[in-house]
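# quick one: sequence and predicted model below, then my questions.
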Amino acid sequence: MADLNTDVRYIKGIGEQKAKALGKLGIFTLRDLISYFPRAYEDRTTLRPISALIPGETACVQAMVAAPPTLSRIRRGLELVKLRAVDETGAVDITYFNQAYLKNSLKMGQTYVFCGRVEGTLLHRTMTNPVAEPEGRRERTGRIVPIYPLTAGVSQLLLIRAVRQGLDACAGKLSEFLPEEVCRENGLCPIGCAYENVHFPASQEALEEARRRLVFEELFLLALGLSGLRSRRQSLLVTPCRPVDMEPFYRALPFSLTGAQRRCVEEALADMCSGRPMNRLCQGDVGSGKTMVAAACVYFTVQNGAQAALMAPTEILAEQHYRSLSPLLESLGIRCVLLTGSVKGKARQSILEQLSDGTAHFVIGTHALISGDVAYKDLGLVVTDEQHRFGVAQRAALSSKGRSPHILVMSATPIPRTLALIIYGDLDVSVIDELPPGRQKIDTFAVGTGYRERIYAFLRKEIAQGHQAYIVCPQVSENEEMPDDRKAVTEYAQMLQQEVFPDLRIAFIHGKMKPKEKEAVMSGFTSGKTDILVSTTVIEVGVDVPNATVMAVENADRFGLSQLHQLRGRVGRGSAKSYCVLIADPKTEEARQRLRVIAKTSDGFRIAEEDLRLRGPGDFFGQRQHGLPSLKIADLSCDMALLLKAQAAAEELLRADPELTRHGAVKRRVQELFTQNADTLN
Ligand SMILES: Nc1ncnc2c1ncn2[C@@H]1O[C@H](COP(=O)(O)OP(=O)(O)OP(=O)(O)O)[C@@H](O)[C@H]1O
């Protein structure tokens, strides 16, 4: 007797080799098999007569093979099977490439259903490689057919047959685990019905119902799990910070904080005084002034007698933060040090000593800050960047270095709050929804490569007025896998210097330069000694040079929306009018659309939403997921309404039964979902 944990080899037709191939898709048991959801469907319900087949459309037709199929060998590696199929309305000529066996399996006089793209003309219809099935079989035709993601050695037909058997073997074993009232209130169909129809939909409506139930279920379990993490964190106790007079800090700033910055600071300080470890995400659009919120928290922590660490995503940024924050904080009596991978030998030793004996109050660096040999006297606060995917495991690594430090995560990706709850899991969220005063809109233009001369003239004009410019240029290479951005940048900079701007000061920077070289180039640009900085996307995040007013991006169609928004955010950081020029001859409609969106939208929120819509959540999350369970069926770009419902239902259930003691089956499912990612969530 099979159950959900039975090995897939139980299925007829799945031997060692096929089982191995299925393993690559993560399918080992019958449960995995029936939870392997289609990525799309094709509605092959309607069978048309041949006379209604229109070239260019995909359609299904029921027709009889009129004469024995012929096989011809054109050359090595190219065999054609040809046949004519007829019904009472006409004929269609069908060709198969390299499927010689069909010569004998498709038999004259028998009727089949053929599905595929119709080609040719209305007078002479043809089809190439259509799916063919004897009439009445209905595995791949005559119904809504699932389309599964495949891998080598696993075909659609194999999956369709295996899933069919899997469902038949397990149908009775799928017991309902969602509480009855949750199903009722949210109008969810029963579990067995959902699994059947998500694979083999009886109708479009049944498919919708099935998907709805499974998406809800997934988001519901996720929401429950995340709440669990959150409440576990809230049960951790730390010594509450004491309130501190922040006036000296505010007075030391060259500007007053915006209302939004102040609110974020207050939310963070309240967390730190609460007696529980802070775990807060501070979200703000590019240039909204997140660094000062961090600095305020650092000041507060050090006044409380503890140390603080700021972990930047790149060395360039770590150095920039060190340059801008240390004069401010040192003037307030806070000892700041910089610790990156390139600080070595004696210097490193000395910094490590200062951190372990507490003479250094604040350390800025890269991921090296949580590496094994760094010990702190009393680490109270870690400020980090969303790019670090700072999961529970990293937090645990840090906690072992002292008490449970407060954590503040900075993010320049403004995403809807409900989504943030999922992406950032168990973090509380603050939003800086206001830019510092005096900022002007960045004028953004998308232009073709034919405009390059005019752009150079424009750069020259801006530089003549004392401003600076960035030019970002990724390599466009035949070899998509290994674009050599370094070469692109050095050659472009050389060309500009020799042929276009012999009189201007041009520098270049890329990720593969030595840290010392990078530092020298950046400080040259920051101090105004360089007019134009040619760069790869190493300058994408966080670089802050307010005197730069032009960002030109070559091959702009190669970047995603959020990335373009980040790049554009490198200008318009002071009060001078700034410009962003996107240079591209986009080849696809999607790329054109992206450039249009970025040119007319400056609101990071809308751009993030659009990005999510255009790219789909896979890519969006691919970069950002913090070790959360991956979603099998929910699509957060269009399942938002369901997400809200699932979150509400999860909260209600937890209010009634916080430990889920009365809902053992739900609890088990949550644990299963989260233990699949046990290394990051424990
Ligand atoms: N309240 C303010 N008034 C005026 N200028 C400010 C204010 N807050 C920050 N700034 C300045 O605005 C610029 C951008 O600030 P910051 O670098 O903190 O932005 P950010 O939010 O980290 O942006 P990004 O995500 O692009 O790195 C800096 O030059 C900073 O000195």
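Everything's here; your move. Please read these numbers as outputs of a predicted model, since none were measured by experiment. Numbering: from 1, shown residues only.

# now do the helix or strand where residue 325 lies: which elements does it pack against?
Assigned by DSSP states H and E, residue 325 belongs to helix 315-330. In terms of contacts (3 or more CB pairs under 8 Å, 6 or more residues apart in numbering; DSSP states H and E), helix 315-330 is packed against helix 290-303, strand 307-311, strand 336-339, strand 362-365, helix 515-526. Using the backbone N, CA and C atoms, a C-beta is placed for each residue, glycine as well.

# let's see that with 10 Å instead.
With contacts taken as 3 or more CB pairs under 10 Å, 6 or more residues apart in numbering; DSSP states H and E, helix 315-330 sits against helix 247-252, helix 290-303, strand 307-311, strand 336-339, strand 362-365, helix 515-526.

# is that helix positioned near the ligand?
No: figure legend: helix 315-330 not in contact with the ligand (CB under 6 Å from any ligand atom); closest approach 7.0 Å.

# check which residues of that helix are buried.
Judged by neighbour count using 16 or more other CB atoms under 10 Å, the buried positions of helix 315-330 are 315-323, 325-326, 328-329.

# what does the chain put close to the ligand?
255, 257-258, 261, 284, 286-292, 412, 436, 542, 544, 546, 569, 573.

# so where is the protein shaky, pLDDT-wise?
233, 386-403, 414-426, 475-486, 615-630, 636-638, 676-682 (pLDDT under 70).

# kindly export stretch 605-612 (C-alpha atoms) in PDB.
Output of stretch 605-612 as PDB, limited to C-alpha atoms (Å, rounded to 0.1, in the frame of the first residue of the first chain):
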ATOM      1  CA  PHE A 605       7.700  52.100  -4.800                       C
ATOM      2  CA  ARG A 606       6.100  52.100  -8.100                       C
ATOM      3  CA  ILE A 607       9.300  51.000  -9.800                       C
ATOM      4  CA  ALA A 608       9.600  48.000  -7.400                       C
ATOM      5  CA  GLU A 609       6.000  47.000  -8.100                       C
ATOM      6  CA  GLU A 610       6.500  47.300 -11.800                       C
ATOM      7  CA  ASP A 611       9.700  45.300 -11.600                       C
ATOM      8  CA  LEU A 612       7.900  42.600  -9.700                       C
END
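
# CA atoms only for stretch 70-82, dumped as CSV, please.
Extracted C-alpha coordinates of stretch 70-82, given in CSV (Å, rounded to 0.1, in the frame of the first residue of the first chain):
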residue,chain,number,x,y,z
THR,A,70,6.4,7.9,-45.2
LEU,A,71,9.9,8.1,-43.8
SER,A,72,12.6,9.9,-45.7
ARG,A,73,16.2,10.3,-44.6
ILE,A,74,17.3,13.7,-45.9
ARG,A,75,20.8,13.4,-44.5
ARG,A,76,22.6,12.2,-41.4
GLY,A,77,20.7,13.4,-38.4
LEU,A,78,17.6,14.5,-40.3
GLU,A,79,14.7,12.1,-40.8
LEU,A,80,11.2,13.2,-41.8
VAL,A,81,8.0,11.3,-41.2
LYS,A,82,5.2,12.7,-43.4
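
# is residue 444 in a helix, a strand, or coil?
Per DSSP: H, G, I helix; E, B strand; the rest coil, the secondary structure class of residue 444 is strand.

# separation between it and residue 553?
10 Å (CB to CB, to the nearest Å).

# joint contacts of these two?
With contacts defined as CB atoms under 10 Å, 6 or more residues apart in numbering, the residues adjacent to both residue 444 and residue 553 are 564, 568, 580-582, 598.

# out of the residues you listed, which end up buried?
564, 568, 580-582, 598.

# ok, the closest residue to residue 83 other than its chain neighbours - contacts?
In space, and not counting its chain neighbours, residue 83 is closest to residue 69: 3.9 Å by CB to CB, 6 or more residues apart in numbering. Residues in contact with residue 69, defined by CB under 10 Å, 6+ apart, are 80-85, 94, 96, 100, 102-108.

# closest one of those to the ligand?
Among these, residue 96 lies closest to the ligand (CB to the nearest ligand atom), at 55.7 Å.

# and the closest one, that's in a helix?
No: Residue 96: not assigned to a helix; according to three-state DSSP it is strand.

# who is the residue nearest to it when sequence neighbours are not counted paired with across the strands?
Distances taken as CB to CB, 6+ apart place residue 81 nearest to residue 96, at 4.4 Å, with adjacent residues excluded. Note on residue 81: beta-bridge partners residue 71, residue 96, judged by DSSP bridges.

# same check, this time on the one 10 residues further on
Listed beta-bridge partners, residue 91: residue 86 (assigned using DSSP bridges).

# next up, the contacts around it.
50-51, 63, 66, 84-85, 124-125.

# what subset of those is buried?
Of the contacts of residue 91, these count as buried by 16+ other CB under 10 Å: 50, 63, 84-85, 125.

# what's the closest of those to residue 145?
Closest approach between the buried ones among the contacts of residue 91 and residue 145, by CB to CB: residue 63, at 18.6 Å.

# tell me the SS of that closest one?
Following three-state DSSP, the label given to residue 63 is strand.

# isn't it right up against residue 106?
No: here residue 63 lies out of contact with residue 106, judged by CB atoms under 10 Å, at a distance of 11.1 Å.

# where do the contact lists of the two overlap?
Contacts common to residue 63 and residue 106, judged by CB under 10 Å, 6+ apart, are 85, 94, 112, 114, 132.

# beta partners for the fourth one?
What that stands for is residue 114. Beta bridges link residue 114 to residue 61, residue 132, judged by DSSP bridges.

# distance check, it against residue 99.
Separation of residue 114 from residue 99 (CB to CB) stands at 13 Å.

# that older thread, which ones among the buried ones among the shared contacts of residue 444 and residue 553 lie within strands?
Those of those mapping onto strands are 580-582, per DSSP state E.

# residue 173: which of these is nearest?
residue 582 (55.2 Å).
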